[in-house]
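In: Sequence and computational prediction follow.
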Amino acid sequence: MGVTSASNPPTENKAEGSLGDTIQLVKDYARQETLGPLRGWARYLGFGASGSLVIGIGFVVLAVGILRLLQTETTAFSGPSTSILAYLITLAVCVVVIGVAGWQISKRTSLQRKEKGS
């Protein structure tokens, strides 16, 4: 009537199990704290890249549209020496649009939302 070793495990196994649990806990925590934010940033960058691509295409179409409007709908830019004016006006409109966009971007430089009390 002896005591079996299965019902009374040695203390070394408890220490190994505790160490293994601690290592697994540290791994899970590191995964949670690194992969979660990285996924958020990847999503943020994906939306930003696709949005800038669409805005860039739209900007090019707008510039070509303005140039063609000036060249075809007005007679002021039909001469050989005045045709450059249509290009200069289009360039000026593009510079203004880029300036306004840059001003709005520099106005909102922080990715964090400001608190209402601040």
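Out: Great, that's in hand.
In: Spell out which helix or strand contains Gly58, please.
Out: According to DSSP states H and E, Gly58 maps onto helix 11-73.
In: starting at the chain centroid, how far to that helix?
Out: Chain-centre distance of helix 11-73: 7 Å, with C-alpha atoms, centre = their mean, to the nearest Å.
In: And that helix, what does it pack against?
Out: Applying 3 or more C-beta pairs under 8 Å, 6 or more residues apart in numbering; DSSP states H and E, we find helix 11-73 packed against helix 83-107. For glycine as for every other residue, the C-beta is placed from the backbone atoms N, C-alpha and C.
In: for the helix it packs on, what is the average pLDDT?
Out: The average pLDDT within helix 83-107 is 89.
In: How about the contacts made by the residue nearest the centre of the chain?
Out: Centroid check for the chain by C-alpha atoms, centre = their mean gives Leu45 as the closest residue, at 2.5 Å. With contact set as C-beta atoms under 8 Å, 6 or more residues apart in numbering, Leu45 has no partners.
In: and the gap between Tyr29 and Ser18?
Out: Separation of Tyr29 from Ser18 (C-beta to C-beta, to the nearest Å): 16 Å.
In: where does this structure have low pLDDT?
Out: Residues of the chain meeting the criterion pLDDT under 70: 1-17, 108-118.
In: One more pass at 50, please.
Out: Filtered on pLDDT under 50, the chain yields the residue ranges 1-3, 5, 118.
In: what angle sits between the helix holding Gly58 and helix 83-107?
Out: For helix 11-73 against helix 83-107, the angle between stretch directions is 150 degrees (axes from the mean of the first three to the mean of the last three C-alpha atoms, to 10 degrees).
In: gap between stretch 98-110 and the chain center?
Out: Worked out by C-alpha atoms, centre = their mean, stretch 98-110 lies 16 Å from the chain centre.
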